[in-house]
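pasting the structure only:
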């Protein structure tokens, strides 16, 4: 896929998801949370990172509210340096999960505790497009690929990168770039898909807890 093709795919899928009625988005978010809970991906006491939904993204709030009930430690992405493409994960203290911008720099953010991404257990990742092998297309800045490049080493087993999206964002299998970090699984309103790429095994979760649709 050429850069032009990727830009066209981004444009098309972003327009499609933003065109979804709000009621459909809420139902999809609820369904995604239900699939995550049934698969027991979210466990008590975990360190979980998520995002604030923008641009028509699947809202992780229903799943995160459950994680809060499980007394999980929650973290949000914070763009520390846009030019250097540097993203950090900072402690989230508010309740319930709020729609905070992912790119706003504020004094509140600066006072929050940061976490090494290697210490996270689960990362709920936004996406524009995905395929069944774990390839993910985002906005194009590469923040997640840079932050989790260490997962390309085969012996590294966490965190789990779980993409959240709508079924309409699923595309035919793509040829990833060497720096693309694959997702371990993707969750849509229709269910969970384990990534079938060899570099993104799900061997550290029981086979009974994850299913394909």
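Here it is on my side, so go on. None of the values given here were measured: they were computed from a predicted structure.

what lines up beside the longest strand along the chain in the sheet?
With DSSP state E setting the assignment, residue counts place strand 73-81 as the longest strand in the chain. If you go by DSSP bridges, strand 73-81 pairs up with strand 47-49 (parallel), strand 86-91 (antiparallel).

what residues does the longest one touch?
The list of residues contacting strand 86-91 from outside it, by C-beta atoms under 8 Å, 6 or more residues apart in numbering, reads 49, 73-80, 109, 112-115, 117, 120, 143-144, 146-147. The C-beta positions use only the backbone N, C-alpha and C, and glycine is treated the same way.

Buried residues, it. List them.
Across strand 86-91, burial judged by 16 or more other C-beta atoms under 10 Å covers 87, 88, 89, 90.

again with the shortest one
Of the residues in strand 47-49, those buried under the neighbour-count criterion (16+ other C-beta under 10 Å) are 47, 48, 49.

With stretch 150-168 instead?
Applying 16+ other C-beta under 10 Å to stretch 150-168 flags 151, 158, 159, 160, 161, 162, 163, 164, 165, 166 as buried.

Pick out whichever of the buried residues of strand 47-49 sits closest to residue 19.
Using C-beta to C-beta, the shortest approach to residue 19 within the buried residues of strand 47-49 belongs to residue 49, at 28.3 Å.

ok, now how distant is the closest one from residue 38?
Note on residue 49: its distance to residue 38, by C-beta to C-beta, to the nearest Å, is 21 Å.

same deal with residue 132?
20 Å.

Which one's more surrounded, these two?
Using other C-beta atoms under 10 Å, the more surrounded residue of residue 132 and residue 38 is residue 132, with 16 against 13.

before we move on, which element is the more buried one in?
Here residue 132 sits in a region with no helix or strand, counting by DSSP states H and E.

before we move on, what about residue 36?
Assigned by DSSP H and E, residue 36 belongs to helix 22-38.

What residues sit buried inside that helix?
25, 28, 29, 31, 32, 33, 34, 35, 36.

Take those and write them to TSV, including distance to residue 14 and pLDDT.
Conversion of the buried residues of helix 22-38 to TSV gives the following (distance: C-beta to C-beta, whole Å; pLDDT from 0 to 100):
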residue	distance to residue 14	pLDDT
25	14	96
28	16	97
29	17	97
31	21	97
32	18	97
33	23	96
34	25	95
35	23	96
36	24	95
